[in-house]
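Q: Here is my input; please provide its structure:
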Amino acid sequence: MNISPDQLFIAVIVLATLAIALVIVVIILWLKMKRFLVSADAHNIGDSLQAVSGDLSDLKSFRGEMESYLGTVEKRLRKSVQSVHTVRFNPWQGTGEGGAQSFATAFMNEEGDGVVLSSLYSRDHVSVFGKPLKKHGSQHELSTEEKQAVDEAKKGLK
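A: Numbers count the residues shown, from 1 in each chain. This is a model prediction of the structure:
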């Protein structure tokens, strides 16, 4: 078989073009693989999968720790004061003594447990009272203002 110089030249040009195209495809694939590889020292997909697996196990461990921590935070939060309401009043209606300097303040947690602090103010003295709360009520008789403070604090829990 006899090949002319022109045919040989065309064959070389075609093969060179094909080689350049293949080099470009290899470079593009190499760049895509580099983006796919996770860690800086990964040289193949196996290394990347090992890095992802290690990160996943770390994440699972962290999640377990966070769930445990949040469980304890939730328990403490339920017992902490979550609603406070103060009612100011004048216990000496009409006499002018004390003005509206007296108050009843309810401090309650989510379950309605807490305390009501009351203060009766007059020019001569101040009296302070504390009554424990259990489930939005008290075993001690509550004044009208104390009941109002408890009711308003209860509304604040919703």
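
Q: From now on I want contacts and neighbour counts done on CA atoms only, so please keep to that.
A: OK.

Q: Can you mark which positions in the host helix or strand of Ser53 are buried?
A: For Ser53, the host element (DSSP states H and E) is helix 45-79. Under the neighbour-count criterion of 16 or more other C-alpha atoms under 10 Å, helix 45-79 has 47-48, 51 buried.

Q: Make CSV from those residues and add distance to Asp124 and pLDDT to it.
A: Shown next, in CSV, are the buried residues of helix 45-79 (distance: C-alpha to C-alpha, whole Å; pLDDT from 0 to 100):
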residue, distance to Asp124, pLDDT
Asp47, 82, 77
Ser48, 80, 75
Ala51, 76, 79
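
Q: Which single one of these is nearest to Gly64?
A: Ala51 (20.2 Å; C-alpha to C-alpha).

Q: and which of the buried residues of helix 45-79 is nearest to Ser80?
A: Taking C-alpha to C-alpha as the measure, Ser80 lies nearest Ala51 of the buried residues of helix 45-79, at 42.7 Å.

Q: Next one: the closest one relative to Ser127, how far apart?
A: 68 Å (C-alpha to C-alpha, to the nearest Å).

Q: what does His140 give?
A: 17 Å.

Q: Also Leu22?
A: 94 Å.

Q: can you check Leu8 too?
A: 114 Å.

Q: Lys134 now?
A: Distance from Lys134 to Ser127, by C-alpha to C-alpha: 23 Å.

Q: The two: which is more packed in?
A: Regarding Lys134 and Ser127, a neighbour count based on other C-alpha atoms under 10 Å identifies Lys134 as having more, with 15 against 10.

Q: That one reaches Asn109, doesn't it?
A: No: between Lys134 and Asn109 there is no contact under C-alpha atoms under 8 Å: 9.8 Å.

Q: Enumerate the beta-bridge partners assigned to Ala104.
A: Here Ala104 sits in beta bridges with Val87, Ser118, going by DSSP bridges.

Q: ok, now which ones touch Ala149?
A: Going by C-alpha atoms under 8 Å, 6 or more residues apart in numbering, Ala149 touches 85-87, 104-106.

Q: List the buried residues in stretch 136-145.
A: Residues of stretch 136-145 classed as buried by neighbour count (16+ other C-alpha under 10 Å): 136-138, 145.

Q: Thanks again, I'm all set now.
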